[in-house]
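J.: coordinates only, sequence not included:
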Ligand SMILES: [Zn+2]
């Protein structure tokens, strides 16, 4: 099976599908003797590295300079033409791999994913998925175009966010009502889009032989290590442990603010500081403390971060022409990560960099695995790496190592821990709601859907007075793009957050050992099951109230200590 691949992805970035197709065709048709299967698999993996990295380079080039039409065109060619075509060939090659009967330690999860994808694939679902894509575009078109007028100036909904922290309560209320009103005005259109999505998704499931979309989604998302019943248990556990803790946080907040009732526009104002914390004011002031923080945490992680800086694998500061947002991606062929973000000098930038660095450390660790499919982990493991990192760095965030004065570091950590509890309650809402949508038989009824959301919200989100604000509360789920665009993709964050809290708990006892186990878990890549990855980190998947109660108690205790100045 003589076969020559390109020398490097750099020669492929300008490629069209016609340049790449011959490599896939050759792998699909090559005569492969029994003794050559291993070489065939390695060649295929190497091709995927090259193709993936070339497309990633095109994405990076575009997102750091969206004003260059050639870069835009190249990125679009990769995302809309080359990657979808490559995916079709990947399915064919996966079938071939399974036909070879190829097995290797550490490849079992990938083989199971391949087998499942092939089993649930239905030709008649292809046009249904296209229709769903069109509906996603329709949703994005409406929500992406929403703007409001604020003191005579047009603003997007996210641009109202800073006003939710304003000291003036009437300003906060105005910002809250204005943001919700934009969604309320489109309620009927958004409901109509979702009605169609609901029908099409149930049809996808039935075509593939499943009773409903929830049952279909577990194999489709390669969730083999937990079930819909586990998720229902997660909801119950959040209701019993997290929701009361959030209610206590809200009571504390109400008393500190001196209010009779806490309204939705009172939940984001900072309690412990009135001055805006500015963690850094130039790029060096952002990157240098990060180097020291990771050095302090673990010398090898420090080296990896310094290497990213030295090799220009960080593009961090906000600049004219950059795409919004932030991400960490992998250059699969070289085996190095790349972090992109838009830092402007606020505490959130520190959180984002630390979070994305957790993903980057995962990429470094997993690259030692020989085959590309042994490195691509699911979100439950990926977010364990990033969310744990957010907690592991907390002892190092104060100066002289980090960014903050000691009291600022305490305030930042209280906010981080409060956010964790509030997010867990929100995650339970979003997941329980989707379970109701796809299994109650009434998910296609817009009025029943909104009523179910209000019930579920009342179950998980306590301590805030929403009376008279039912339309605003309903608007919250219309705003949750995952429900429209990535159904059932959300609980992964909850699972990973509970894993991260366990790693943090261990780090409070033995910081060095906790990081050692964290790195061991990351190095497994995708070679084993999710419970085994968590076990390597010294933690477990938590869906039960007893396990959750311990972690919630720890978070509340730490918040109390930090508030007391410890
Ligand atoms: Zn992440």
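T.: Perfect, thanks for sending it. Keep in mind the model is a prediction, meaning the values are calculated, not measured.
J.: how near is the nearest residue to residue 224 once chain neighbours are set aside to residue 468?
T.: Spatial nearest neighbour of residue 224, chain neighbours left out: residue 112 (6.8 Å); criterion: Cβ to Cβ, 6 or more residues apart in numbering. Every C-beta, even on glycine, is put in place using the N, C-alpha and C of the backbone. Residue 112 sits 51 Å away from residue 468, taking Cβ to Cβ, to the nearest Å as the criterion.
J.: same check, this time on residue 409
T.: Residue 409 is 39 Å from residue 468, by Cβ to Cβ.
J.: tell me the confidence at the closest residue to residue 513 other than its chain neighbours?
T.: Nearest in space to residue 513, with sequence neighbours left out and distances taken as Cβ to Cβ, 6+ apart, is residue 506 at 7.0 Å. Per-residue confidence (pLDDT) for residue 506: 98.
J.: how much distance is there from the host helix or strand of residue 506 to the middle of the chain?
T.: Applying DSSP states H and E as the criterion places residue 506 in helix 491-509. Offset of helix 491-509 from its chain centre (Cα atoms, centre = their mean, to the nearest Å): 15 Å.
J.: in that helix, what's buried?
T.: Of the residues in helix 491-509, 491-507 count as buried by neighbour count, 16 or more other Cβ atoms under 10 Å.
J.: by contact count, what packs against that helix?
T.: Applying 3 or more Cβ pairs under 8 Å, 6 or more residues apart in numbering; DSSP states H and E, one finds that helix 491-509 contacts helix 228-237, helix 379-392, helix 406-439, helix 511-523, helix 545-563.
J.: okay, those helices, which one's buried deepest?
T.: helix 379-392 (a mean of 24; mean count of other Cβ atoms under 10 Å).
J.: helices or strands up against that one?
T.: helix 347-366, helix 491-509, helix 511-523, helix 530-536.
J.: between it and helix 406-439, how many degrees?
T.: 160 degrees (axes from the mean of the first three to the mean of the last three Cα atoms, to 10 degrees).
J.: out of residue 112 and residue 468, which sits in the busier spot?
T.: Neighbour count, other Cβ atoms under 10 Å: between residue 112 and residue 468, residue 112 has more, with 14 against 8.
J.: dihedrals phi and psi, the more buried one?
T.: phi -70, psi -40 (degrees, to the nearest 10).
J.: any idea how far it lies from residue 484?
T.: 29 Å.
J.: my guess is residue 268 meets residue 166, correct?
T.: No. Using Cβ atoms under 8 Å, residue 268 is not in contact with residue 166; the gap is 9.5 Å.
J.: who are the contact partners of residue 482?
T.: 430, 489, 490 (Cβ atoms under 8 Å, 6 or more residues apart in numbering).
J.: the second one is in contact with residue 223, isn't it?
T.: Same thing as residue 489. No. Counting by Cβ under 8 Å, residue 489 stays clear of residue 223, with 10.6 Å between them.
J.: more neighbours: these two, which one.
T.: For the pair residue 489 and residue 223, the greater number of neighbours falls to residue 223 (21 against 16), based on other Cβ under 10 Å.
J.: contacting residues for the more buried one?
T.: Counting by Cβ under 8 Å, 6+ apart, residue 223 has contacts 217, 378.
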